[in-house]
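In: I would like the atomic coordinates for the input below:
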Amino acid sequence: MKNTPDAWAKRAKSEGYRSRASYKLLEIDKKHNLISKSSLIFELGSSPGGWSQVISNNKKSDCECIAIDILDMKEVEGIDFYKLDLYSDKFNEKIEDYSNSVDLILSDMSVNLSGIKVVDEEGNKDLNLFCLELSKKLLKPNGTLLIKSFTNSNLLYLKKEFKKLFNSVHIEKPLASKTSSPEVYLLGLVLK
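Out: The predicted structure follows:
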């Protein structure tokens with residue numbers, strides 16, 4: 001498929017996905033088989049639900065998926081959605097019962113871009129580190145973390161931090177990502 005935003009957006013619309021981002025997760029999941037082997041999945045920043053749809057279509061029938069976003073999200077079959085701020089006490093209360101029990105954490109989150117490069121890069125780095133810290137609390141031994149990151153001066157540092165926690169670390173650039181975008185996905189497999 002031609003790598004243009006319009007082509008992926010049209011395909012998403014015709015195939016019933018809420019966003020072109022669905023194809024990013026589909027490609028990474030096809031390569032690494034993340035969803036079908038999981039029994040408990042946390043999806044952070046789930047709105048509008050493109051990744052939730054992929055999870056719903058590919059998870060085991062008894063797999064529980066908890067999707068969280070500060071924005072509203074229309075219901076997706078088989079996904080438990082909670083409208084929460086990740087930095088809130090309510091979120092911390094929500095995750096209390098899930099310590100060391102999650103197989104897979106997924107995040108397609110990015111900060112709202114200001115247009116000021118250094119501010120945006122630091123904001124996304126902080127978001128990535130938040131997900132990494134959360135994985136220490138929630139993931140089972142051998143658990144997996146997949147997060148959106150960006151090719152910039154922080155990526156090497158983030159990859160090193162991932163290597164401290166995971167036995168195998170990959171940087172993925174799915175075909176559905178805009179060629180011009182610095183967006184990549186950091187994948188940590190098998191929590192140490």
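In: centroid residue for this structure?
Out: Nearest residue to the geometric centre of the chain (C-alpha atoms, centre = their mean): S107, 2.0 Å.
In: which phi and psi does that one have?
Out: The phi/psi pair for S107 (degrees, to the nearest 10) reads phi -150, psi 120.
In: What is the longest strand of the protein by residue count?
Out: strand 139-150 (DSSP state E).
In: Strand partners (parallel or antiparallel) of it?
Out: Paired strands of strand 139-150, with direction, are strand 102-107 (parallel), strand 183-191 (antiparallel) (DSSP bridges).
In: for the first one, what is the average pLDDT?
Out: I take that to be strand 102-107. Mean per-residue pLDDT for strand 102-107: 98.
In: can you give me how far that strand is from the chain middle?
Out: 8 Å (C-alpha atoms, centre = their mean, to the nearest Å).
In: Likewise for the last one?
Out: Between the centre of strand 183-191 and the centre of its chain there are 9 Å (C-alpha atoms, centre = their mean).
In: likewise stretch 153-169?
Out: Here the centre of stretch 153-169 is set off from its chain's centre by 16 Å, with C-alpha atoms, centre = their mean.
In: Stretch 165-179 too?
Out: 11 Å.
In: Check which residues of it are buried.
Out: Neighbour-count burial for stretch 165-179, counted by 16 or more other C-beta atoms under 10 Å, picks out L165, F166, V169, H170, E172, K173, P174, A176, S177. For glycine as for every other residue, the C-beta is placed from the backbone atoms N, C-alpha and C.
In: Residues in contact with the longest strand of the chain: which ones?
Out: 28, 34, 38, 100-110, 121, 124, 128, 131-132, 135, 155, 158, 162, 165-166, 171, 182-191 (C-beta atoms under 8 Å, 6 or more residues apart in numbering).
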